[in-house]
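# Turn this into a structure:
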Amino acid sequence: MAKSTDLNKFRNIGIAAHIDAGKTTVTERILYYAGRTHRMGNVDDGTAAMDWKPQEQERGITIVSAATSCFWQNALDREAGKKHKHQINIIDTPGHVDFTAEVERCMRVLDGVVAVFCGVGGVEAQSETVWHQAEKYNIPRICFINKLDRPGADPYRVVEDVREKLAANPVLIQLPVYEADEFVGVIDLLDRNVFYYEEASLGASYEILPVLEERKDEVEQHREALVERVAEEVDWLEDKYLSDEQITSADIKAGLREACVKNALQPVFCGAALRNRGVQPLMDAICDYLPSPLEAYATIGTHTKTGKTVERHAESGDPFSAMLFKVQSEKHGDLFFLRVYSGKFRARSRVYNANQDRMEHVQQIYRMHADQREQVQEAGAGEIVAAMGLKMSVTGDTLCDKKNPVVFERMNFPNTVVSMAIEPKTQAEKGRMDDALEKLTREDPTFQVGVEKQTGQLLVSGMGELHLEIIKDRLLREFNVDANVGAPRVSYRESIREPVSIEEVFSRESEGRGQFARVMMRFEPDSESQGIRFVNEVDPDLCPSHFARAVERALIGSVAGPIFGYPLIYMKAVLLGVETHPVDSTELAFEAAAGRALRNALAEADVELLEPYMRIEVVVPEPNMGDVISYISTCRGEVKDIGSRSKLRVIRAQAPLSKLFGFAGNLRSLTQGRGSYSMEPFAYKTVPDDVRESSGLL
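This is a model prediction of the structure:
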């Protein structure tokens with residue numbers, strides 16, 4: 001079917017979850033029932049359409065986000081005999097913490113999210129991460145409790161988990177139906193119907209029947225609670241409720257949509273995607289409750305010339321604007337993934353990169369289905385597409401109309417925590433390896449390449465052992481680079497303990513012209529900053545904006561600490577005052593003065609060495625709990641909480657990454673293979689003096 005031109009029928013959504021919660025399987029079922037694919041892909045068999053990279057197929061996990069689109073007619077439109085379908089643009093995101101940057105950049109451009117939770121595991125470590133990523137961008141969410149066919153599944157406990165651990169406001173829209181302990185369908189609380197799924201049709205066919213007599217009281221109780229919760233968030237429904245007026249299913253649905261779009265409620269649905277149950281009502285819910293681009297918040301940006309805040313709207317005649325959120329390296333030219341926020345984006349045209357102040361040429365535009373491409377001539381507001389032909393653009397850049405320049409807020413990515421040395425096996429491989437590493441850093445904002453000052457070794461850094469393992473595999477397979485790779489090691493950071501105030505002057509004569517700048521600055525600890533955060537407190541009349549930007553450039557570019565040359569983090573640099581010369585003050589002079597100020601501040605300050613700490617969640621049988629807690633203690637870890645999940649124990653702890661290499665193998669030995677775990681970086685902490693001495697870090 002041709003794409004919908006009605007923006008009210010567009011849905012830009014992401015599927016996000018903890019690893020192994022089943023989000024890719026949910027996506028595969030959505031595509032199958034929508035007719036986008038003609039066979040069901042299976043993650044375990046390596047046949048999932050959305051996991052198209054060899055590394056994904058072999059490991060059975062999602063590594064890179066994949067975009068696709070399909071068309072679906074929701075139940076309301078089917079019943080009304082309408083022909084138009086909703087266009088659902090889907091991004092399937094990774095669940096492993098090493099690839100959290102893929103989730104971050106996708107969240108930046110989505111209008112809605114389907115958060116998938118395991119019916120047994122509930123809210124797990126990465127569930128919290130992806131939920132808060134969506135929260136940061138104020139994205140409306142619906143929840144899907146998956147794997148309800150598994151022993152120990154409990155949707156009511158998962159809902160409480162979501163409420164308590166995520167500080168959310170979930171509300172059940174469905175109840176599960178079991179027969180002889182087998183999950184066979186769901187009860188829709190709005191219409192009081194039961195959906196029974198037919199095994200023979202792979203869930204494509206289902207029977208809708210009235211609720212059984214013995215469950216009617218339970219259904220009415222939950223339905224009344226649902227109405228109360230929605231009425232609390234929607235004024236007009238509250239008026240009806242308090243007036244004892246009849247509240248129809250259509251009223252509840254309209255109220256739910258209003259509450260969901262404004263992020264006041266999160267509707268919760270039930271199912272078992274692998275068993276093909278509960279997916280079609282979820283597809284209806286995507287259309288019914290998540291916002292269209294027209295209902296999403298206006299996109300806020302900054303006018304590059306005036307510095308004023310401007311808005312871009314999906315359908316108001318606004319000039320073209322788009323966010324480049326992903327670069328994908330390809331043999332025949334990079335693919336650039338874009339979310340168009342306003343105006344039209346056309347093939348064989350020129351667009352303005354506002355971040356880099358350059359014009360770019362767009363050759364082709366594609367609508368993507370994982371690794372398959374459908375060429376189109378233009379893309380309008382609300383669409384997510386890929387383009388070829390751009391040369392200088394990178395992740396986070398804003399493309400726009402040069403006559404109406406705007407810059408949107410970029411994404412912030414976490415610091416790398418693991419690095420390893422790499423070198424080509426032969427000199428002939430060096431050029432090929434350099435080209436490959438350049439492409440990989442352009443593609444992945446959390447993959448970094450640098451040289452260790454003390455040894456001269458080339459280091460590559462990433463988010464974890466698996467991240468670097470995938471990079472190594474891609475170098476060999478995709479880029480045909482044969483390299484020697486060292487063992488993974490921790491990426492340390494440096495920071496200051498106390499504030500330092502500095503005044504610095506740069507005065508020099510060069511080629512007959514003077515260079516002059518004076519800066520007064522304060523450098524202080526800042527636990528919120530991922531690097532050095534610049535704050536300008538000088539009146540714009542005293543310090544023109546281009547001089548302030550020069551100071552900021554010098555600070556962002558000077559990231560090496562004085563102890564071992566590790567990157568600086570957790571710092572704020574405040575520009576308190578400047579002195580300029582009407583002729584001799586230049587941006588170069590202010591860059592030099594700011595660079596000197598930073599170096600002198602670090603020489604004067606009490607600088608500390610920091611190491612990455614990981615948040616760990618370990619699920620083990622109760623008899624093994626004591627051994628696992630003891631092992632965590634030997635890793636300099638601290639147990640924060642012990643909970644239960646059916647007959648298992650859940651240990652939540654924190655520990656330095658330097659002690660967690662080989663954690664998977666040791667846990668397997670301690671639990672005879674019955675334990676599982678997840679970990680994610682959450683902070684950098686000071687390396688204790690005794691550890692620095694014993695490990696040779698001093």
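# Quick one: end-to-end distance for stretch 265-274.
With Cα to Cα, to the nearest Å as the measure, the ends of stretch 265-274 fall 27 Å from one another.
# Which positions in stretch 57-77 come out as buried?
Buried residues in stretch 57-77, defined by neighbour count with 16 or more other Cβ atoms under 10 Å: 59-75, 77. The C-beta positions use only the backbone N, C-alpha and C, and glycine is treated the same way.
# Let me see the mean pLDDT of it.
Regarding stretch 57-77, the rounded mean pLDDT is 81.
# Ends of it, what's the gap?
37 Å.
# ok now that stretch, how far from the chain's centre?
16 Å (Cα atoms, centre = their mean, to the nearest Å).
# How about stretch 540-555?
Relative to the centre of its chain, stretch 540-555 is centred 32 Å away, using Cα atoms, centre = their mean.
# Contacts for that stretch, please.
Applying Cβ atoms under 8 Å, 6 or more residues apart in numbering, the set of residues contacting stretch 540-555 from outside is 307, 517, 519, 532, 534, 536, 538, 573, 575, 577-578, 580, 585, 587-588, 590-595, 598.
# which residue ranges form the helices in the stretch 201-350 of the chain?
216-233, 235-242, 249-261, 279-289 (DSSP state H, counting those that start in this stretch).
# Including mean neighbour count, could the ones you listed go into JSON lines?
What follows is these, written out as JSON lines (neighbours: other Cβ atoms under 10 Å):
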{"stretch": "helix 216-233", "mean neighbour count": "16"}
{"stretch": "helix 235-242", "mean neighbour count": "14"}
{"stretch": "helix 249-261", "mean neighbour count": "20"}
{"stretch": "helix 279-289", "mean neighbour count": "23"}
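# can you list the ones you listed in a markdown table and add mean pLDDT?
Below are the helices of the stretch 201-350 of the chain laid out as a markdown table (pLDDT from 0 to 100):
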| stretch | mean pLDDT |
| --- | --- |
| helix 216-233 | 95 |
| helix 235-242 | 93 |
| helix 249-261 | 95 |
| helix 279-289 | 95 |
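# Out of those, which gets nearest to Ile139?
Set against Ile139 and scored by Cβ to Cβ, the helices of the stretch 201-350 of the chain come closest in helix 249-261, at 10.6 Å.
# Turn the helices of the stretch 201-350 of the chain into a markdown table, columns for distance to Met392.
Listed next are these as a markdown table, based on distance: least, Cβ to Cβ, whole Å:
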| stretch | distance to Met392 |
| --- | --- |
| helix 216-233 | 46 |
| helix 235-242 | 50 |
| helix 249-261 | 37 |
| helix 279-289 | 36 |
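# Among the buried residues of stretch 57-77, which ones are in strands?
Among the buried residues of stretch 57-77, DSSP state E puts Ala66, Ala67, Thr68, Ser69, Cys70, Phe71, Trp72 in strands.
# which one of those sits closest to Gly317?
Nearest to Gly317 among those: Ser69, at 25.0 Å, using Cβ to Cβ.
# so what's that closest one up against?
Lys3, Arg36, Gln87, Ile88, Asn89, Ile90, Arg367, Met368, His369, Ile384.
# so Phe590 sits in a helix?
Yes. Checked against DSSP: H, G, I helix; E, B strand; the rest coil, Phe590 lies within a helix.
# ok, now how distant is it from Cys287?
54 Å (Cβ to Cβ, to the nearest Å).
# Over to Glu360?
Following Cβ to Cβ, the distance that separates Glu360 from Cys287 is 35 Å.
# Kindly report the same for Arg596.
Arg596 is 59 Å from Cys287, by Cβ to Cβ.
# repeat for Ser630
For Ser630, the distance to Cys287 - Cβ to Cβ - is 52 Å.
# Check Gln530 too.
From Gln530 to Cys287 the distance is 37 Å (Cβ to Cβ).
# which residues sit in contact with Leu290?
Under the criterion of Cβ under 8 Å, 6+ apart, the contact list for Leu290 reads Arg11, Ile13, Asp111, Gly112, Pro140, Ile142, Cys260, Val261.
# thinking the third one is in contact with Gly14, fair?
In other words, Asp111. No. Judged on Cβ atoms under 8 Å, Asp111 makes no contact with Gly14 at a distance of 9.3 Å.
# if you count what's nearby, which of those two comes out ahead?
Using other Cβ atoms under 10 Å as the criterion, Asp111 and Gly14 rank with Gly14 on top: 28 against 25.
# any idea which element the more buried one lies in?
strand 10-17 (DSSP states H and E).
# what angle separates that strand from strand 66-72?
130 degrees (axes from the mean of the first three to the mean of the last three Cα atoms, to 10 degrees).
# so what does the helix or strand just after strand 10-17 touch, helix or strand wise?
The C-terminal neighbour of strand 10-17 among helices and strands, as given by DSSP H and E, is helix 23-33. With contacts taken as 3 or more Cβ pairs under 8 Å, 6 or more residues apart in numbering; DSSP states H and E, helix 23-33 sits against strand 10-17, strand 66-72, strand 86-92, strand 112-118, strand 141-146, helix 279-289.
# closest one to Gln356 among those?
Comparing the helices and strands packed on helix 23-33 by Cβ to Cβ, strand 66-72 comes nearest, at 24.1 Å.
# in its sheet, what does the closest one sit against?
Strand 66-72 has its sheet partners listed here by DSSP bridges as strand 86-92 (antiparallel).
# Alright, that wraps it up for me.
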